[in-house]
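Undergrad: Need coordinates for the below:
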Amino acid sequence: MKSQDLIGSLADLKDALTPEILSKIGIIGIVFHEGLSELSNTERKGVREYLEEEKLSQTRRQRTKPNKLHTAVKGVGSKAIHYFNEILKGMTSRRMTKDKILALLIIIILLLTTVIWFVKNSGANKRELERLDEVLVQVREDINTASLRGLSNKDAAAQILAQAQEQAMEVLNSGNHRSKANEILGLIQEEKTKLDNITYVSEPRIIANLAEKRENISALGLIPYKDHVYAYEYNALYEVLIDRIEDPLTIDDNETVISGIYDDDNDALLFLTKSGKVIQYANGQFQFMDVDDGAFHKGVSVQAYNGRMYILDSEGKQIWKYTKRRDKYANAEGYITSGEISDPVDFAIDGFIYVIQADGSVVKFDRGDQTDFAISKAPLDPIEKPTSIYTELDLNRIFILEASKNRVLVLDKDTTSGNAVYSGQYVFDGLGDMRDMYFDKGSNRLYLLDAQHIYEVTI
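TA: Residues are numbered from 1 along each chain as shown. Presented below is the predicted three-dimensional model:
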């Protein structure tokens with residue numbers, strides 16, 4: 001700038017700045033005049049008058065139009081004005097050289113750049129906060145919509161809640177409105193709980209502590225037997241009566257039991273071992289069973305129905321049916337004649353056979369043929385790692401244990417269509433490592449097993 005254009009240049013700079021930025025900063029002009037190290041009296045007077053006029057104008061603007069960012073930049077502005085005053089005092093000193101003025105000019109430019117950046121980013125942050133707040137308002141409205149829609153259309157309500165949860169998570173992950181976002185996520189979970197009819201059970205009643213009989217017991221399964229129940233582990237059987245637990249009985253010293261069942265037609269307990277042996281317990285005696293084939297097929301689970309024994313073969317993807325003839329079983333018959341199973345985990349029989357697979361799907365068979373089977377109103381949190389399935393003749397429910405999520409899901413059988421309807425679930429937050437379960441239709445009680453205890457829940 002030339003000295004004669006100083007005042008005009010300051011006015012041009014003022015016009016070039018936006019009103020928002022202008023309200024936050026002052027304008028300082030510095031004249032460089034070859035051979036001089038200070039401003040003339042006229043120039044100093046003009047600069048001071050201009051700055052004083054701008055200071056009064058800024059004060060009037062702040063009084064007539066309060067700015068929301070005023071508080072945020074107040075500290076920065078005060079320091080800047082103080083620093084500019086110090087610079088102005090230095091400029092009036094004859095000790096102020098051209099090099100010092102240049103250094104001060106660089107500092108002033110950096111400071112002005114910082115202030116401008118701060119003002120612009122503050123405006124952007126404000127707009128983003130307003131946008132996120134609008135998102136949360138919309139999410140609340142969506143939750144109310146889902147609540148009403150869920151009365152008649154669970155799937156539609158579930159989709160609305162899923163989208164609402166994504167939006168709430170977007171706000172939470174932004175780092176802004178975190179408390180509001182967490183509150184809304186809690187409301188979404190409450191709505192999901194209502195839609196899925198979830199019952200949380202914190203303290204189911206313990207009816208047996210098996211560790212009283214063997215401290216290091218690792219129970220595997222439950223076998224309902226008439227008016228009481230048996231529990232078993234890899235080599236021992238525990239009879240649980242109303243008022244006591246009998247001393248454990250050794251099933252076999254060499255075999256490892258993996259599954260057990262009660263055969264009511266033959267009034268005997270049957271145990272399938274890891275090596276493919278079948279051990280029968282009847283009249284207080286354990287006995288290895290024979291088969292015409294010479295050996296039983298290996299499997300992961302055993303069931304008994306209508307005088308026959310069934311073994312679920314996960315590797316052969318087949319269910320083997322054995323008919324008992326006096327003291328041994330006849331040759332194995334492949335039960336599945338049409339359809340297929342993949343990675344089966346467990347099965348249950350009520351006349352039909354239901355096979356639950358590792359991915360949570362259920363395959364239904366009718367006299368060996370796969371039949372259509374669908375679960376309507378499925379849970380919002382899908383079955384991913386099922387442990388076991390339970391149903392029986394004359395029971396209109398199917399129970400599925402998913403130990404990884406500490407829950408038992410309940411399906412109602414639809415006798416008209418042959419399908420099932422999801423009706424609810426029980427979540428046991430206080431339990432860990434659930435191993436097995438069964439439902440007593442006479443008492444309407446659900447029994448659960450972990451490594452050491454048997455629990456009872458009325459449902």
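Undergrad: Centre-most residue in the protein?
TA: Centroid-nearest residue in the chain, with CA atoms, centre = their mean: residue 381, separated by 8.7 Å.
Undergrad: Assign the closest residue to residue 441 other than its chain neighbours to helix, strand or coil.
TA: In this structure, residue 441 finds its nearest non-sequential neighbour in residue 395, 5.1 Å apart by CB to CB, 6 or more residues apart in numbering. Just so you know, the C-beta spots here come from the backbone N, C-alpha and C atoms, and that holds for glycine as well. Three-state assignment for residue 395 (DSSP: H, G, I helix; E, B strand; the rest coil): coil.
Undergrad: any idea how far residue 354 is from residue 395?
TA: Distance, residue 395 to residue 354, using CB to CB, to the nearest Å: 12 Å.
Undergrad: The two: which is more packed in?
TA: Comparing residue 395 with residue 354 by other CB atoms under 10 Å, the one with more neighbours is residue 354, at 22 against 15.
Undergrad: If you rank every helix and strand of this structure by mean pLDDT, what lands last?
TA: helix 19-22 (a mean of 48; mean pLDDT, DSSP states H and E).
Undergrad: which regions of the chain lie under the pLDDT threshold?
TA: Applying pLDDT under 70 to the chain flags the ranges 1-101, 117-122.
Undergrad: That one: helices as residue ranges?
TA: Secondary structure of the chain by DSSP state H: the helices cover 6-16, 19-22, 41-64, 70-91, 98-149, 154-174, 178-196.
Undergrad: Show me how the record splits the protein into domains.
TA: 3-96, 205-458 (automatic domain parsing).
Undergrad: Can you tell me which of these is nearest to residue 180?
TA: Evaluated over these, closeness to residue 180 peaks at domain 3-96, with 20.2 Å, by CB to CB.
Undergrad: what does stretch 283-295 rub up against?
TA: With contact meaning CB atoms under 8 Å, 6 or more residues apart in numbering, stretch 283-295 is reached by 249, 251-252, 270, 276-281, 296, 322, 327-332.
Undergrad: nope, stretch 125-137 is what I meant
TA: 68, 167, 168, 170, 171, 174, 176, 177, 180, 181, 184.
Undergrad: Make JSON lines out of these and add neighbour count.
TA: Shown next, in JSON lines, are the contacts of stretch 125-137 (neighbours: other CB atoms under 10 Å):
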{"residue": "68", "neighbour count": "9"}
{"residue": "167", "neighbour count": "18"}
{"residue": "168", "neighbour count": "26"}
{"residue": "170", "neighbour count": "14"}
{"residue": "171", "neighbour count": "22"}
{"residue": "174", "neighbour count": "15"}
{"residue": "176", "neighbour count": "15"}
{"residue": "177", "neighbour count": "18"}
{"residue": "180", "neighbour count": "18"}
{"residue": "181", "neighbour count": "23"}
{"residue": "184", "neighbour count": "25"}
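Undergrad: how much space between the residue lying closest to residue 182 once chain neighbours are set aside and residue 166?
TA: The spatial neighbour of residue 182 that comes closest, neighbours along the chain excluded (CB to CB, 6+ apart), is residue 172 at 6.7 Å. For residue 172, the distance to residue 166 (CB to CB) stands at 11 Å.
Undergrad: Next, the contact list for the nearest residue to residue 208 once chain neighbours are set aside, please.
TA: Sequence neighbours aside, residue 454 is the residue nearest to residue 208 in space, at 4.2 Å (criterion: CB to CB, 6+ apart). Contacts for residue 454 were tallied using CB under 8 Å, 6+ apart; they are 206, 207, 208, 210, 222, 229, 231, 240, 447, 448.
Undergrad: Got a ChimeraX select line for the buried ones in the residues you listed?
TA: Typed into ChimeraX, the line below selects the buried ones among these, using 16 or more other CB atoms under 10 Å:
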select :208,210,222,229,231,240,447,448
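Undergrad: I'd like to know which of the contacts of residue 454 is nearest to residue 191.
TA: Using CB to CB, residue 448 is the member of the contacts of residue 454 that lies nearest residue 191, at 27.7 Å.
Undergrad: Could you find the closest non-adjacent residue to that closest one?
TA: Distance criterion CB to CB, 6+ apart; nearest residue to residue 448, sequence neighbours excluded, is residue 455 at 4.4 Å.
Undergrad: cool, residue 138 as well?
TA: Per CB to CB, 6+ apart, closest to residue 138 is residue 167, 7.2 Å.
Undergrad: close enough to count as contact, that neighbour and residue 139?
TA: Yes: between residue 167 and residue 139 a contact is recorded at 5.2 Å, counting by CB atoms under 8 Å.
Undergrad: What distance do you get for the residue nearest to the centre of the chain to residue 395?
TA: 25 Å.
Undergrad: is the residue nearest to residue 208 in a bridge, and if so with what?
TA: Under DSSP bridges, the beta-bridge partners of residue 454 are residue 208, residue 449.
Undergrad: Any idea what residue 222 is bridged to?
TA: Going by DSSP bridges, residue 222 forms beta bridges with residue 231.
Undergrad: And it, how close does it get to residue 350?
TA: Following CB to CB, the distance that separates residue 222 from residue 350 is 18 Å.
Undergrad: Please apply the same query to residue 202.
TA: Residue 202 is 32 Å from residue 350, by CB to CB.
Undergrad: Between these two, which is the more surrounded one?
TA: residue 350 (15 against 9).
Undergrad: is it true that that one touches residue 396?
TA: No: the pair residue 350 and residue 396 does not pass the contact test of CB under 8 Å, sitting 9.5 Å apart.
Undergrad: isn't residue 402 right next to residue 382, touching?
TA: No: the criterion here is CB under 8 Å, and residue 402 misses it with residue 382 at 9.8 Å.
Undergrad: When these two are compared, which one has more neighbours?
TA: The neighbour comparison of residue 402 against residue 382 (other CB under 10 Å) goes to residue 402, with 23 against 10.
Undergrad: Nearest residue to the more buried one in space, please, no chain neighbours.
TA: Nearest one to residue 402, counting by CB to CB, 6+ apart, is residue 386 at 5.3 Å.
Undergrad: Run through the residues that contact that neighbour.
TA: Neighbouring residues of residue 386 by CB under 8 Å, 6+ apart: 345, 346, 356, 357, 358, 360, 400, 401, 402.
Undergrad: my guess is the fourth one meets residue 340, correct?
TA: Yep, that's residue 357 we're talking about. No: with contact defined as CB under 8 Å, residue 357 does not count as touching residue 340 (10.5 Å).
Undergrad: If anything else comes up later, I'll come back, but that's it for now.
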